[in-house]
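K.L.:
kindly return the folded structure for what I paste below:
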Amino acid sequence: MSESTEQPSPPSDEQVVERLVPVWLREAKSHEASAAHEVEEDWKRGRLSPTAARELADWVTARVTETAFNEDEGPTQAGPAHISVSDKSAVHRWLATQGHDV
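P.N.:
Residues are numbered from 1 along each chain as shown. A predicted model of the protein is given here:
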């Protein structure tokens, strides 16, 4: 009988969101600095507008960099952060628990 090794628990939805929102905001600032600044201020206050929530959901969906394909099945997308399909799902779940329709 082998000794069981404890697997690290996956990050919570909130931890995933806390990791990815700063990446999203940095990218948004490069496109629309004033709007991104407003969203960032709301984020610091613990809020996201429905529009910002929808944009975050769309952004994380479009930025999935880890698709579980191997090299023979397709390339890994480069990006500013590692974003897996499960990260995308975590962001969507978190937004839903915050009352956003995603």
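K.L.:
centre of the chain to the longest helix along the chain, how far?
P.N.:
Ranked by residue count under DSSP state H, the longest helix found in the chain is helix 13-31. The chain centre lies 7 Å from the centre of helix 13-31; the measure is C-alpha atoms, centre = their mean, to the nearest Å.
K.L.:
can I get that helix in PDB, CA atoms only?
P.N.:
Extracted as PDB, the C-alpha positions of helix 13-31 are listed here (Å, rounded to 0.1, in the frame of the first residue of the first chain):
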ATOM      1  CA  ASP A  13     -13.300  31.100  -8.000                       C
ATOM      2  CA  GLU A  14     -12.500  34.300  -6.100                       C
ATOM      3  CA  GLN A  15      -8.700  33.600  -6.200                       C
ATOM      4  CA  VAL A  16      -8.900  33.100 -10.000                       C
ATOM      5  CA  VAL A  17     -10.800  36.400 -10.400                       C
ATOM      6  CA  GLU A  18      -8.300  38.200  -8.100                       C
ATOM      7  CA  ARG A  19      -5.500  36.900 -10.300                       C
ATOM      8  CA  LEU A  20      -7.100  37.700 -13.700                       C
ATOM      9  CA  VAL A  21      -8.900  41.000 -13.100                       C
ATOM     10  CA  PRO A  22      -5.600  43.000 -12.900                       C
ATOM     11  CA  VAL A  23      -4.500  41.500 -16.200                       C
ATOM     12  CA  TRP A  24      -7.800  42.400 -17.800                       C
ATOM     13  CA  LEU A  25      -7.600  46.000 -16.400                       C
ATOM     14  CA  ARG A  26      -4.000  46.400 -17.700                       C
ATOM     15  CA  GLU A  27      -5.100  45.400 -21.200                       C
ATOM     16  CA  ALA A  28      -8.200  47.600 -21.000                       C
ATOM     17  CA  LYS A  29      -6.100  50.600 -20.000                       C
ATOM     18  CA  SER A  30      -4.100  50.200 -23.200                       C
ATOM     19  CA  HIS A  31      -7.300  50.600 -25.200                       C
END
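K.L.:
show me what counts as buried in that helix.
P.N.:
13, 16-17, 19-21, 23-25, 28 (16 or more other C-beta atoms under 10 Å). For the C-beta atoms, the positions are set from N, CA and C on the backbone; glycine is no exception.
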